[in-house]
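Enquirer: Next input, structure requested:
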Amino acid sequence: MEIICKQNELNNAIQLVSKAVASRPTHPILANILLTADQGTNKISVTGFDLNLGIQTSFDGTVKNSGAITIPSKLLSEIVNKLPNETPVTLEVEENSDNILIKSDRGSFNLKGIPSDEYPNLPFVESGTSLDIDPSSFLKALKSTIFASSNDDSKQLLTGVNFTFKPNYLESASTDGHRLAVALIGKEEQIEHKENFSLNDGDLSVTIPTRSLREIEKLVSLRSSENSIKLFYDKGQVVFISSSQIITTRTLEGTYPNYSQLIPDTFSKTLNFNTKKLIDALERIAVLADQQSSVVKIKLDNTDLAHISADAQDIGNANESIPVSYDGEDFNIAFNVRYLLEGLKVIASENVLLKCNIATTPAVFVPEDNLNSFTYLVMPVQVRS
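Expert: Numbering: from 1, shown residues only. Okay, here's the model as predicted:
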């Protein structure tokens, strides 16, 4: 095999796929990335696969001889990253040998690879469900919910985001047991988005691990100008395909909790805040709240101001008042300030509604201008008077 390509293109490809290389490989070859070159098309493909997440990307170069080899990911990444930018890089593999020679205009490196026939194949979905997804809609659904997924590996299903693809809209949801984020994308403009979610067999519901979604988010962000990205699903495997990249990931098995049951049907109290003013006030109060329990209290009395406060014992306290539109009796409610900020920051609406009943039952934040598009449920924190 012999290829010539630009340093920056090879480097970008290696950095992208190295996210799918196992940090603690069960087999030596899983610490490698697969490099494949096709003389007929002058395409160079780079693949990383840890048996759960797989990323493959391809770019154009000069392929003098076709071939394939696997190369230690960490070593290759560090070498190529330090080569002069924009300069040509030549990579040669001797026939019937695993020796790799990497040359630039400054010098050369010799590495030992592992034959490519030992490398596991990326799973490709041959049957099952396929659909075209709109990159910008998928990205919006992902960003609106990924932050609320759980970091606790013992809560397996909750360590991902659940996506439900319907003919006219996409629904995404995540929860860690303390809060729940649900986004509906496309429902308000059913006609406009009709073609974006073309489903073959009814609704498709999949739960994708958050770790995989972080990489899928990068792929979709780069491809957001494309009309659609192909999604294939079959037997616990999801494959995303764009013009030059493929990401494949296992799904989280099991039935995702029926989260709609967690959202109260009615609320006795509705508070209307300016979203930016609420976020700014919470970020200032969080400086004190984060010193101890991360708890902020919101107090409502018969004025047009909401009083936000935090107490950090033996350190100090913080208080701030911001405008609120609320017509009801006095009450106090407390939350984890980090939960509030993470949810509020994905709300694009100028104003946000806080709906609740009493200080010990779930509270819900929704954008004022599009109530159905996003729902963020947070369990209040119980504080001793």
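
Enquirer: how about the residue nearest to Val93 when sequence neighbours are not counted, what does it touch?
Expert: For Val93, ignoring the flanking residues on the chain, the nearest one in space by C-beta to C-beta, 6 or more residues apart in numbering is Met1 at 4.3 Å. For glycine as for every other residue, the C-beta is placed from the backbone atoms N, C-alpha and C. By C-beta atoms under 8 Å, 6 or more residues apart in numbering, the residues touching Met1 are Ala37, Asn65, Ser66, Gly67, Ala68, Ile69, Leu91, Glu92, Val93.

Enquirer: How about Ala281?
Expert: Contacts of Ala281 (C-beta under 8 Å, 6+ apart): Ile308, Glu320, Ile322.

Enquirer: helix, strand or coil for the second one?
Expert: Recorded secondary structure, Glu320: strand (DSSP: H, G, I helix; E, B strand; the rest coil).

Enquirer: can you count the residues close to it?
Expert: By other C-beta atoms under 10 Å, 17 other residues sit near Glu320.

Enquirer: ok, it touching Ala310?
Expert: No - with contact defined as C-beta atoms under 8 Å, Glu320 does not reach Ala310; the gap is 9.4 Å.

Enquirer: okay, and the common contacts of these two?
Expert: In contact with both Glu320 and Ala310: Ile285, using C-beta under 8 Å, 6+ apart.

Enquirer: Break this structure into its domains for me.
Expert: 2-118, 129-255, 263-378 (automatic domain parsing).

Enquirer: looking at those, which has the lowest confidence?
Expert: Mean pLDDT values for the domains of the chain show the minimum at domain 129-255, a mean of 84.

Enquirer: quick one: that one to chain centroid distance?
Expert: Chain-centre distance of domain 129-255: 9 Å, with C-alpha atoms, centre = their mean, to the nearest Å.

Enquirer: need the domains of the chain in CSV with distance to Arg384, can you?
Expert: Formatted as CSV, the domains of the chain follow (distance: least, C-beta to C-beta, whole Å):
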stretch, distance to Arg384
domain 2-118, 44
domain 129-255, 19
domain 263-378, 10
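
Enquirer: What are the buried residues along the biggest helix by length in the chain?
Expert: Longest helix of the chain, by residue count under DSSP state H: helix 275-289. Buried residues in helix 275-289, counted by 16 or more other C-beta atoms under 10 Å: Thr275, Leu278, Ile279, Ala281, Leu282, Ile285, Ala286, Leu288, Ala289.

Enquirer: Was I right to think Lys140 contacts Ile185?
Expert: Yes - the criterion here is C-beta under 8 Å, and Lys140 meets it with Ile185 at 5.3 Å.

Enquirer: For those two, indicate the residue with more neighbours.
Expert: Ile185 (24 against 21).

Enquirer: Mind listing the residues bridging to the more buried one?
Expert: Leu170 (DSSP bridges).

Enquirer: what's near enough to touch it?
Expert: By C-beta under 8 Å, 6+ apart, Ile185 lies in contact with Ser137, Phe138, Lys140, Ala141, Ser144, Tyr169, Leu170, Glu171, Ser172, His193, Ser373.

Enquirer: go with 7 Å
Expert: Each residue near Ile185 by C-beta atoms under 7 Å, 6 or more residues apart in numbering is listed here: Ser137, Lys140, Ala141, Tyr169, Leu170.

Enquirer: Distance of it relative to Lys166?
Expert: 10 Å (C-beta to C-beta, to the nearest Å).

Enquirer: Please apply the same query to Ser23.
Expert: 37 Å.

Enquirer: Then Glu92?
Expert: 51 Å.

Enquirer: swap in Asp311?
Expert: 46 Å.

Enquirer: and if you look at Leu288?
Expert: 44 Å.

Enquirer: The contacts of Met1 into TSV, with extra columns for distance to Glu9?
Expert: Listed next are the contacts of Met1 as TSV, based on distance: C-beta to C-beta, whole Å:
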residue	distance to Glu9
Ala37	13
Asn65	19
Ser66	19
Gly67	19
Ala68	18
Ile69	18
Leu91	12
Glu92	18
Val93	19
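
Enquirer: from these, which is closest to Ile358?
Expert: Nearest to Ile358, judged by C-beta to C-beta, of the contacts of Met1 is Ala68 at 63.7 Å.

Enquirer: Make sure that closest one is actually in contact with Thr36.
Expert: Yes - counting by C-beta atoms under 7 Å, Ala68 touches Thr36, with 4.3 Å between them.

Enquirer: Among those two, which residue is more densely surrounded?
Expert: Per other C-beta under 10 Å, whichever of Ala68 and Thr36 has more neighbours is Thr36, with 21 against 18.

Enquirer: Of the contacts of Met1, which qualify as buried by neighbour count?
Expert: Buried by 16+ other C-beta under 10 Å: Ala37, Gly67, Ala68, Ile69, Leu91, Glu92, Val93, out of these.

Enquirer: Now, those that are in strands?
Expert: Of the buried ones among the contacts of Met1, the ones assigned to strands by DSSP state E are Ala37, Gly67, Ala68, Ile69, Leu91, Glu92, Val93.

Enquirer: List the contacts of the fifth one.
Expert: Just to be clear, that refers to Leu91. Counted by C-beta under 7 Å, 6+ apart, Leu91 has contacts Ile3, Ile100, Ile102.

Enquirer: From Met1, how far out is the last one?
Expert: By that I understand Ile102. 12 Å.

Enquirer: Check Tyr256 too.
Expert: Counting by C-beta to C-beta, the gap from Tyr256 to Met1 is 45 Å.

Enquirer: Let me see the ranges of the helices in the stretch 251-385 of the chain.
Expert: 275-289, 337-344 (DSSP state H, counting those that start in this stretch).
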